[in-house]
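> here's a sequence, model it:
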Amino acid sequence: EVDDVISVVLTNNNLIGTLPIDDIVYLDTVQVLDLSMNSISGTVPSSIAKLSNLVQLELGYNQFTGTVPNFIFQQDQYEILDFAHFGGTLGTIPSSWICNSLRRFMAPQTRASGRLPSELGSCTNLAFLDLSKNSLDGTVPSELGTLDGLQTLYLGENNNLTISTQLCRTLTNNLLAFDLKDQC
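Numbering: from 1, shown residues only. Take a look at the predicted model:
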């Protein structure tokens, strides 16, 4: 029964063309949408916001263009967001990001820019954060050191991202994987 679909996983299926979101948004029970590792192009449609039960969105390793829609940062239901190498641009991470449910956020090589907002410290369930190979600058916010569940932090290969000695010690002691150790 179509009304009972909770997962759409089409990883590595050689999908080509634009995202067929109009064929998916009527599945309002969908919790997982994984279209990673394909050749999907075009922009990420804002109509994904209609999937109100969606908790896992994986669009990495595609050929998208444009910027990640703002609704991604305005809805709290997401637990996993994967835009790794998705082709488009993440842009600036807004300080108003609502991320209470977020456990894993992957966006390496997405041309993310600007400063990391201190509000990332409010992502209390965050365990995995990868924003490596972008154009982030400024200082890594000390609030990341307060995230008890954070296990993996990849921020390497950014423009001018710096980290305080105190935060570096905290993260080095608490994390399982951390790629800024050479800056400590």
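
> pretty sure Thr162 sits against Val140.
Yes. Using CB atoms under 8 Å, Thr162 makes contact with Val140 at a distance of 7.1 Å. Where C-beta positions appear, they are placed from N, C-alpha and C, glycine not excepted.

> compare these two (neighbour count), which wins?
Val140 (24 against 13; other CB atoms under 10 Å).

> need the helix or strand of this protein with the lowest average pLDDT.
strand 160-162 (a mean of 90; mean pLDDT, DSSP states H and E).

> and the next helix or strand past that strand?
The first helix or strand that comes after strand 160-162 along the chain, using DSSP states H and E, is helix 165-174.

> Gln74 versus Thr67, what's the distance?
Distance, Thr67 to Gln74, using CB to CB, to the nearest Å: 14 Å.

> compare these two (neighbour count), which wins?
Comparing Thr67 with Gln74 by other CB under 10 Å, the one with more neighbours is Thr67, at 16 against 12.

> look up phi and psi at the more buried one.
Main-chain dihedrals, Thr67, degrees, to the nearest 10: phi -110, psi 150.

> so what's Val140 closest to, chain neighbours aside?
When the adjacent residues along the chain are set aside, Val140 lies closest to Ile163, with 4.4 Å between them (CB to CB, 6 or more residues apart in numbering).

> just list the residues touching the residue nearest to the spatial centre of the chain, thanks.
What sits nearest the mean C-alpha location of the chain, by CA atoms, centre = their mean, is Phe105, with 3.4 Å. The neighbours of Phe105, taking CB atoms under 8 Å, 6 or more residues apart in numbering as the test, are 80-81, 99, 123, 126, 128-131.

> kindly report the same for Thr65.
41-43, 87-88.

> for Thr146, phi and psi?
phi -90, psi 0.

> and stretch 9-22, end to end?
Counting by CA to CA, to the nearest Å, you get 16 Å between the two ends of stretch 9-22.

> swap in stretch 52-65?
Per CA to CA, stretch 52-65 runs 24 Å from first to last residue.

> pLDDT averaged over that stretch - what is it?
Per-residue pLDDT over stretch 52-65 has a mean of 96.

> understood, closing this out.
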